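Q: Fold the following for me, if possible:
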Amino acid sequence: MTKQDIVQLMEIQEQARKEDRFRDSQWDLKFHVQVALATQNTAMATIVEKMWAQRVSNPYWIKLHEHIDERSIASWCDDHDEILKALIRKDPHGAKLAMWQHLENTKQMLFNATTDDFEYNADRYLFAENPVIHLDNMATTTK
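A: Numbering: from 1, shown residues only. The predicted structure follows:
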């Protein structure tokens, strides 16, 4: 992670805070792609971009996105701040936990936006486990 990577992430966050956080904003994509690019692993950056392309063209995601409230979108910005703080501290474990927590928060927010339809409830069951808990437990047992 270079100083320039940090500066770019800070600029993305500044832009995100200025925007009205419209549902189809590019700041969320830019943040995730920049984090992936900072790994200097082009495969990772490509995967993030491809996953995003699938997400925005997926009717299931589009329908779910209609139910996301402004508070949830603002929380994505807050999650990104936590990831960025860990990167600034050069704390890889903290960055990993912050990213996993962001993914977990997003997963929970999407589940909460769904109806009581059986298919959605089956998804809740399949994805109910929180990986952040396991990551944090692994870190404390290896110390």
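Q: tell me what the host helix or strand of Q34 is packed against?
A: Using DSSP states H and E, the element containing Q34 is helix 27-38. The helices and strands touching helix 27-38, judged by 3 or more C-beta pairs under 8 Å, 6 or more residues apart in numbering; DSSP states H and E, are helix 3-18, helix 42-57, helix 70-88. Yep, even glycine has a C-beta here, placed from its N, CA and C like the rest.
Q: 10 Å instead?
A: helix 3-18, helix 42-57, helix 70-88, helix 92-113 (3 or more C-beta pairs under 10 Å, 6 or more residues apart in numbering; DSSP states H and E).
Q: for it, which positions count as buried?
A: By neighbour count on 16 or more other C-beta atoms under 10 Å, the buried set for helix 27-38 is W27, D28, L29, K30, F31, H32, V33, Q34, V35, A36, L37, A38.
Q: for this structure, what helix or strand is lowest in average pLDDT?
A: Of all the helices and strands that make up the chain, helix 118-126 has the lowest average by mean pLDDT, DSSP states H and E, namely a mean of 53.
Q: that older thread, report the rounded mean pLDDT for the helix holding Q34.
A: Helix 27-38 comes out with an average pLDDT of 93.
Q: among the helices and strands packed on helix 27-38, which is nearest K63?
A: Ranking these by proximity to K63 (C-beta to C-beta) places helix 92-113 first, at 9.4 Å.
Q: Buried ones in the closest one, by neighbour count?
A: In helix 92-113, counting by 16+ other C-beta under 10 Å, buried: 94-102, 104-107, 109-110, 113.
Q: In terms of secondary structure, what does it contact?
A: So helix 92-113, by 3+ C-beta pairs under 10 Å, 6+ apart, packs with helix 27-38, helix 59-65, helix 70-88, helix 118-126, helix 131-141.
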